[in-house]
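Enquirer: Sequence and computational prediction follow.
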Protein chains: 2
Amino acid sequence: MKEKELINIIKNISGSEYIGDDCAYLNDFELVVTQDSLVEGVHFSLDYTDGYKLGYKSVMVNLSDIYASGGIPKYITISLSLPSFADNSFVEEFYKGVKDACAGDVKVIGGDLTGSDKIFVSVCALGSAKGRNISSRSKAKEGYKIVVLGLHGSSAAGFQFLKSGSKDFSNKFIKAHLTPEIQSDFAINIAQTVKEPYAMMDTSDGLMDALSTIANESGVLLEVDFAKIPYDGDIKQFLNWEDFVLFGGEDYGILAVVPEKYDIGGTQIGYAKKGLGVDMLLNGKKIHYSKTDVENKIFNHFNY
Amino acid sequence: MKEKELINIIKNISGSEYIGDDCAYLNDFELVVTQDSLVEGVHFSLDYTDGYKLGYKSVMVNLSDIYASGGIPKYITISLSLPSFADNSFVEEFYKGVKDACAGDVKVIGGDLTGSDKIFVSVCALGSAKGRNISSRSKAKEGYKIVVLGLHGSSAAGFQFLKSGSKDFSNKFIKAHLTPEIQSDFAINIAQTVKEPYAMMDTSDGLMDALSTIANESGVLLEVDFAKIPYDGDIKQFLNWEDFVLFGGEDYGILAVVPEKYDIGGTQIGYAKKGLGVDMLLNGKKIHYSKTDVENKIFNHFNY
């Protein structure tokens, strides 16, 4: 199943102008809204995670989308479907993880609880857009700088460790995979500082996916110097570490393409130029990635 | 797994004042929000339904909650998880059902699409509370009248027909189960007409569940005359038809407990009195149902 092909079908039938960005921006309510799900056997396995970590991550992946839109997360609803083996203590641990991810700032306002064969979590997050400059993946412009925050490839490396049998939950890569940090302050600052339209996304589907999406939706060429991308040096123990950094996914970094004049922190990794797609400068070569190149190379979820 | 027990765990951990009503009311955004999921093998089976009907019902069950809160549905997000057998045409049919349920008034603004072993649908619906008197299940008062709209028991009867092998999709009971109508105009009118605090719920978990919930949350006794409850007379072909009417669920009627002075249509089935729980007048007898009586008797979902 090709997700992007199906999303086009959905767009055509529903005729919705909202589908495209990770969050929908509802001007009439000054609200940003997102919904993301985690499915056992597709996005996680109880061999590697537990109720607490699952609750934590389910919330974080949605808050990350709200921050990346430029909004401030306020409320979440949670739909949780559980097999009969999941007892009260699993639900307690799950909601402790939810609570810690919410960190007192975000309120759980509802949802439902049903039975199922496999664990299924779907979170809907609502964020305030009041007085904020909301981002769009289609608003990058020629001459804008490309800025990123967050180490890339660490989550994919952590997943490799887990798959190879490691149970070392203090390992930094495994932590990055199971209980990801998100870059809230960085995103909040950008949405307050930048006055013009701009592009911002989290890198939950991989840095290259985010670059390619912004480039193609905005109609610009994003030229990136691989050497400037932030990653943990220890990742080089993996043979295909460069693929982890570019395509790994689930790092929940923030990628922003904004006017150069703004001092917003993070690491500048390149510029938006005339053209289309992504040019990656890697080991002295310039590799061009069209939209199709990236779609064909992207990991179709982690193989749990 | 006892859902009500688990919801108490969730309430305690998250300390949320919002969990209780089917919809959360967000005063700061003048918004009502709900999320409900349908799980293959728990809430539906592809032996009885198809993509179109599933899409339609997934939306309707959420819109019903928004209307019952007194809000006007505006936006939905949809998380859809599909096994590999579900091809593009399934997704197309599903979204045609979604579109027809939205009827031009409600916009699909996002969500996600993932793989899974079984079909899983989770819809989050947002409704406007602007200028409206939002209901609460805890606001029924002594002296208020009990009013209901919608035939009760039809969905449970339809499910019985389906389980017994019927494929007659023009049968009124089967239609009531697979593509339920919801009572939007009735609920809209109540939320505009009634000025005092009042209680309103849809009867998605059964009429008795709704009666018992309002009675116990409001601290009143709801005295109901069974003979006045609207149902389709043909339901009497089932031996336990009275149970279908009271406990069947998935009829998506509206139950409102409001001051007597308002002429709001529907059928008055009784009064709120001093006391606690539900008194049902049935065949010349008065049967009292405490909260526990109802919880022990309620169907734990339909057995798909």
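Expert: Noted; the coordinates are in hand. Numbers count the residues shown, from 1 in each chain, chains lettered A, B, ... in the order given.
Enquirer: So which bits of stretch A:41-54 are buried?
Expert: Across stretch A:41-54, burial judged by 16 or more other Cβ atoms under 10 Å in any protein chain shown covers A:42, A:43, A:44, A:48, A:49, A:50, A:51, A:52, A:53, A:54. In this view, the C-beta of every residue, glycine as well, is placed from N, C-alpha and C.
Enquirer: Contacts for it, please.
Expert: For stretch A:41-54, the external contacting residues (Cβ atoms under 8 Å, 6 or more residues apart in numbering or on different chains) are A:37-38, A:40, A:57, A:86, A:89-94, A:96-97, A:118-119, A:121, A:162, A:178-179, A:301-302, A:304, B:81, B:114-117.
Enquirer: that older thread, which two of the buried residues of stretch A:41-54 have the greatest separation?
Expert: Across the buried residues of stretch A:41-54, the longest distance by Cβ to Cβ is 20.0 Å; it joins A:42 and A:52.
Enquirer: in chain A, what spans have low per-residue confidence?
Expert: A:1-3, A:299-304 (pLDDT under 70).
Enquirer: Grab the most central residue of it for me.
Expert: Taking Cα atoms, centre = their mean, the centroid of chain A lies closest to residue A:204, which sits 2.4 Å from it.
Enquirer: What residue, apart from its backbone neighbours, is nearest that residue spatially?
Expert: Closest residue in space to residue A:204, ignoring its immediate chain neighbours: residue A:252 at 5.7 Å, by Cβ to Cβ, 6 or more residues apart in numbering or on different chains.
Enquirer: give me every residue that touches residue A:217.
Expert: Per Cβ under 8 Å, 6+ apart, neighbours of residue A:217: A:20, A:137, A:138, A:199.
Enquirer: Which helix or strand lies directly C-terminal to the helix or strand harbouring it?
Expert: Assigned by DSSP states H and E, residue A:217 belongs to helix A:207-218. Downstream of helix A:207-218, the first helix or strand assigned by DSSP H and E is strand A:221-225.
Enquirer: For that next one, list every residue counted as buried.
Expert: Buried, per 16+ other Cβ under 10 Å, within strand A:221-225: A:221, A:222, A:223, A:224.
Enquirer: The first one and chain B: what is the separation?
Expert: Taking Cβ to the nearest Cβ, to the nearest Å as the measure, residue A:221 and chain B are separated by 28 Å.
Enquirer: quick one: the residue lying closest to that residue once chain neighbours are set aside from residue A:289, how far?
Expert: Nearest residue to residue A:221, sequence neighbours excluded (Cβ to Cβ, 6+ apart): residue A:275, at 3.0 Å. Going from residue A:275 to residue A:289 by Cβ to Cβ, to the nearest Å gives 12 Å.
Enquirer: Just give me the neighbour total for the residue nearest to residue A:204.
Expert: Residue A:252 has 23 neighbours, counted by other Cβ atoms under 10 Å in any protein chain shown.
Enquirer: and it, what is it in contact with?
Expert: Contacts of residue A:252 by Cβ under 8 Å, 6+ apart are A:60, A:61, A:64, A:150, A:155, A:180, A:181, A:182, A:183, A:202, A:203, A:204.
Enquirer: what about 6 Å?
Expert: Counting by Cβ atoms under 6 Å, 6 or more residues apart in numbering or on different chains, residue A:252 touches A:64, A:180, A:182, A:202, A:204.
Enquirer: Any residues of chain A in contact with chain B? List them.
Expert: Chain A comes close to chain B at residues A:3, A:6, A:9-10, A:13-14, A:16, A:18, A:24, A:29, A:31, A:35-37, A:39, A:42, A:77, A:79, A:81, A:91-92, A:95, A:99, A:107-118, A:120, A:122, A:124, as judged by Cβ under 6 Å from any Cβ of the partner chain.
Enquirer: Give the buried subset of the residues you listed as a ChimeraX selection command.
Expert: Buried subset of the residues of chain A next to chain B, written as a ChimeraX selection, criterion 16+ other Cβ under 10 Å:
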select /A:3,6,9,10,13,14,16,18,24,29,31,35,36,37,39,42,77,79,81,91,92,95,99,107,108,109,110,111,112,113,114,115,116,117,118,120,122,124
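Enquirer: Can you flag which of the residues of chain A next to chain B belong to strands?
Expert: Counting by DSSP state E, the part of the residues of chain A next to chain B found in strands is A:24, A:31, A:35-37, A:39, A:77, A:79, A:81, A:107-115, A:120, A:122, A:124.
Enquirer: on that earlier part again, including neighbour count and secondary structure, could the contacts of residue A:217 go into TSV?
Expert: Shown next, in TSV, are the contacts of residue A:217 (neighbours: other Cβ atoms under 10 Å in any protein chain shown; DSSP: H, G, I helix; E, B strand; the rest coil):
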residue	neighbour count	secondary structure
A:20	15	coil
A:137	22	coil
A:138	16	coil
A:199	27	strand
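Enquirer: Would you mind checking which of the residues you listed is nearest to residue B:268?
Expert: Closest to residue B:268, out of all of the contacts of residue A:217 and judged by Cβ to Cβ, is residue A:20, at 48.7 Å.
Enquirer: ok, back up a step: of all the residues in the helix holding residue A:217, which ones are buried?
Expert: So helix A:207-218, judged by 16+ other Cβ under 10 Å, has buried residues A:207, A:208, A:209, A:210, A:211, A:212, A:213, A:214, A:215, A:216, A:217, A:218.
Enquirer: ok, of these, which one's closest to residue B:193?
Expert: Relative to residue B:193, the closest of the buried residues of helix A:207-218 is residue A:217; by Cβ to Cβ it sits at 46.6 Å.
Enquirer: distance of that closest one from chain B?
Expert: 15 Å.
Enquirer: Leaving out sequence neighbours, find the closest residue to residue A:115.
Expert: Nearest non-adjacent residue to residue A:115 (Cβ to Cβ, 6+ apart): residue B:42, at 5.0 Å.
Enquirer: Got phi/psi on the one you found?
Expert: The phi/psi pair for residue B:42 (degrees, to the nearest 10) reads phi -110, psi -50.
Enquirer: Also the one 4 residues further on?
Expert: Reported as degrees, to the nearest 10, the phi and psi values for residue B:46 are phi -70, psi -10.
Enquirer: related to what we said a few turns ago, now, the most widely separated pair of the contacts of residue A:217?
Expert: A:20 and A:199 (12.0 Å).
Enquirer: Helix or strand: which one has the residue lying farthest from the centre of chain A?
Expert: What lies farthest from the middle of chain A is residue A:84; by Cα atoms, centre = their mean that is 30.9 Å. If you go by DSSP H and E, residue A:84 is not part of any helix or strand.
Enquirer: Now the terminal residues of stretch A:208-228, how far apart.
Expert: 14 Å (Cα to Cα, to the nearest Å).
Enquirer: For that stretch, what is the distance to the chain centroid?
Expert: 15 Å (Cα atoms, centre = their mean, to the nearest Å).
Enquirer: And stretch A:36-46, by the same measure?
Expert: 15 Å.
Enquirer: And for stretch A:102-114?
Expert: Counting by Cα atoms, centre = their mean, stretch A:102-114 comes out at 20 Å from the chain centroid.
Enquirer: Over to stretch A:81-94?
Expert: Using Cα atoms, centre = their mean, the offset of stretch A:81-94 from its chain centre is 26 Å.
Enquirer: Which positions within that stretch qualify as buried?
Expert: Buried-residue list, stretch A:81-94, by 16+ other Cβ under 10 Å: A:81, A:82, A:86, A:90, A:91, A:92, A:93, A:94.
Enquirer: before we move on, what about stretch A:259-269?
Expert: Under 16+ other Cβ under 10 Å, the buried positions of stretch A:259-269 are A:262, A:264, A:266, A:269.
Enquirer: The second one: what secondary structure?
Expert: Reducing the assignment to helix, strand or coil with DSSP: H, G, I helix; E, B strand; the rest coil, the entry for residue A:264 is coil.
Enquirer: Which residues are in contact with it?
Expert: Applying Cβ under 6 Å, 6+ apart to residue A:264 gives the contacts A:190, A:193.
Enquirer: Could you do the third one as well?
Expert: By Cβ under 6 Å, 6+ apart, residue A:266 lies in contact with A:147, A:148, A:149, A:186.
Enquirer: Quick one: mark the members of the residues you listed that sit in strands.
Expert: A:147, A:148, A:149.
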